[in-house]
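# Kindly generate the corresponding structure for this input.
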Amino acid sequence: MSSQSSGEGEIRKALVEADLVACMVALPSQLFRTTQIPACLWFLSKDKSPQGARRLDDRRSEILFIDARAMGEMVDRTERVFSEVDLRKIADTYHAWRGTASARETGLRYEDVPGFCCSADLEKVREYGYVLTPGRYVGATTQTDQLGNDGLVDRIDGLTRELLALFQESDRQQQAVTEILGALDDGDA
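Numbering: from 1, shown residues only. As a prediction, this is how the structure comes out:
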């Protein structure tokens, strides 16, 4: 999304200038059990015009950026999952931006949401050197804005409990290693 190595910057520039990039969705880390790194979904489209009878919104020379890195819930120490609400929010945002029939039928209207989504024109993408990292375009929001005061307190309490549990596990592991090392020393003497 931002690398310049191996000609990646030129490839991104060509995709953007050809108006093929419709949407970029930044995903959180730990969404896939086999890797801890975050990922990004690229939605490409050859035609972002209204497309005649389909009456989609004209999105030529625009790209939708969605930053979903703060979404999802950890189900254990290694895996995060999206809820149906998370998935619906992302899908509804895209459908509202594109102006699909389902969005029109349900009354969805697209608007930029700081910290979550932004529709950027190609001029803005050029200004950023064809970097397609959603966080750059959507900006930041505070945790209080995302969670509200009660949600923030709950989140802090949950993280505190998780940290204390990790400390206990660390102490247990340290004790086990100390015992093993002690047994090795006794055996060598």
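# Quick one: mean pLDDT over stretch 22-30.
The predicted model gives stretch 22-30 an average pLDDT of 95.
# what's the answer for stretch 167-179, then?
Mean per-residue pLDDT for stretch 167-179: 88.
# Need the CA coordinates for it. CSV is fine.
Taking Å, rounded to 0.1, in the frame of the first residue of the first chain, the C-alpha atoms of stretch 167-179 are listed here in CSV:
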residue,chain,number,x,y,z
PHE,A,167,1.6,-11.4,34.2
GLN,A,168,0.4,-14.5,36.1
GLU,A,169,1.2,-16.7,33.2
SER,A,170,4.6,-15.1,32.9
ASP,A,171,5.3,-15.7,36.6
ARG,A,172,4.2,-19.4,36.1
GLN,A,173,6.5,-19.8,33.1
GLN,A,174,9.4,-18.2,34.9
GLN,A,175,9.0,-20.5,37.9
ALA,A,176,8.9,-23.5,35.6
VAL,A,177,12.1,-22.5,33.8
THR,A,178,13.8,-21.8,37.2
GLU,A,179,12.8,-25.3,38.4
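# next one: it to chain centre, how far?
Computed by Cα atoms, centre = their mean, to the nearest Å, the chain-centroid distance of stretch 167-179 equals 35 Å.
# what's next to it, contact-wise?
Residues outside stretch 167-179 that contact it (Cβ atoms under 8 Å, 6 or more residues apart in numbering): none are found. Bear in mind the C-beta positions are built from the backbone N, C-alpha and C, glycine included.
# where along this structure do the strands fall?
21-26, 40-44, 62-67, 73-74, 80-81, 117-121 (DSSP state E).
# how about those strands in JSON lines, adding mean neighbour count and distance to Gly129?
What follows is those, written out as JSON lines (neighbours: other Cβ atoms under 10 Å; distance: least, Cβ to Cβ, whole Å):
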{"stretch": "strand 21-26", "mean neighbour count": "21", "distance to Gly129": "15"}
{"stretch": "strand 40-44", "mean neighbour count": "13", "distance to Gly129": "17"}
{"stretch": "strand 62-67", "mean neighbour count": "24", "distance to Gly129": "14"}
{"stretch": "strand 73-74", "mean neighbour count": "12", "distance to Gly129": "34"}
{"stretch": "strand 80-81", "mean neighbour count": "16", "distance to Gly129": "30"}
{"stretch": "strand 117-121", "mean neighbour count": "19", "distance to Gly129": "13"}
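# Noted, bye for now.
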